[in-house]
Each structure stands twice: as C-alpha cells, then as structure tokens.
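Asks: What follows is a predicted protein model with its sequence.
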Amino acid sequence: QVQLVESGGGLVQAGGSLRLSCAGSGGTLNDYGMGWFRQAPGKEREFVSAVSRNGGATYYAGSVRGRFTISRNNDKNTVYLQMNSLRPEDTAVYYCAAGDSGINIRAGRTYYWGQGTQVTVSS
C-alpha cells in the first residue's frame, strides 16, 4: 500500500508562487504515473497535471498550462508541482495521486490518494 503525503501549501498573494511536494512511502513511486488534482469549495475535484513514470511525458489542464510545472525525482520518491503566476481561482485543496500512467490519471483512473494540502491565493 502506497502512502502519499503532500506538503508546501499555504497562503500567497496573486502573482506569487508555491511548490507542492508529494512524498511517497510504502512503495516505489517510479512504478506509477503521478498526478495532481484540486478541489475548490463547492466544486468537484478536477485534474491539474500528471506525469509519466519516467517523467518523459507531462499533461496539464488548460487552466494551468504555462503556469504550473509537474516534475518528479524518483531517487527521492517525490513528485512536485511548481505553481507560478497564481490566481485567486487556483485556491483549492490540492491532492496528489498515483495511477498506472499519466494518461490514465488524466482520465481520473487512480490507485492512491494523498490527504491534500490547502492552497489559498489572495487577490
């Protein structure tokens, strides 16, 4: 059973940056595609970004493309989400997820979830 723990969330002003981390334990994350989702108050959870097992392929939601960058360090069993040019509409709880591949994660097919980390962007 893989456990995922997110960190790096917080309060930031619009235009600022944050880097989220997702650390894995109980398994090797390079066996999985990895991704990030988010859920804003009163809204459904939505896909943000995903990365293939070896980091060679990345996927983004249109709303974050060009501002967010997903990456992974398999030696550290960690996945990152660098978020730049943050907007108030990026405010949400961000969840890390593991799945069979980045493509499957983009389609919502996941195996494991983290508990989430809050990101709040003030205007």
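Replies: All right, it came through fine. From a predicted model like this one, the values you see are computed outputs, not experimental measurements. Numbering: from 1, shown residues only.

Asks: Strands along the chain, start to end?
Replies: Counting by DSSP state E, residue ranges of the strands within the chain are 3-7, 10-13, 18-25, 33-39, 46-51, 58-60, 68-73, 78-83, 92-99, 112-113, 117-122.

Asks: Pick the most buried one from those.
Replies: strand 33-39 (a mean of 25; mean count of other Cβ atoms under 10 Å). In short, each C-beta sits where N, CA and C put it, glycine included.

Asks: Take the strands of the chain and lay them out in a markdown table including distance to Arg106 and mean pLDDT.
Replies: Output for the strands of the chain, formatted as a markdown table (distance: least, Cβ to Cβ, whole Å; pLDDT from 0 to 100):
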| stretch | distance to Arg106 | mean pLDDT |
| --- | --- | --- |
| strand 3-7 | 17 | 97 |
| strand 10-13 | 26 | 98 |
| strand 18-25 | 16 | 97 |
| strand 33-39 | 7 | 98 |
| strand 46-51 | 5 | 98 |
| strand 58-60 | 5 | 97 |
| strand 68-73 | 11 | 97 |
| strand 78-83 | 14 | 98 |
| strand 92-99 | 9 | 98 |
| strand 112-113 | 15 | 96 |
| strand 117-122 | 20 | 98 |
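
Asks: Would you reformat these as TSV and include distance to Ile105?
Replies: What follows is those, written out as TSV (distance: least, Cβ to Cβ, whole Å):
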stretch	distance to Ile105
strand 3-7	12
strand 10-13	25
strand 18-25	12
strand 33-39	4
strand 46-51	4
strand 58-60	8
strand 68-73	10
strand 78-83	11
strand 92-99	4
strand 112-113	11
strand 117-122	18
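
Asks: how much space between the residue nearest the centre of the chain and Ser101?
Replies: By Cα atoms, centre = their mean, the chain has its centre lying nearest to Trp36, at 2.5 Å. Distance of Trp36 to Ser101, given as Cβ to Cβ, to the nearest Å: 15 Å.

Asks: cool, and Asn73?
Replies: Per Cβ to Cβ, Asn73 is found 19 Å from Ser101.

Asks: repeat for Gly116
Replies: According to Cβ to Cβ, Gly116 and Ser101 sit 22 Å apart.
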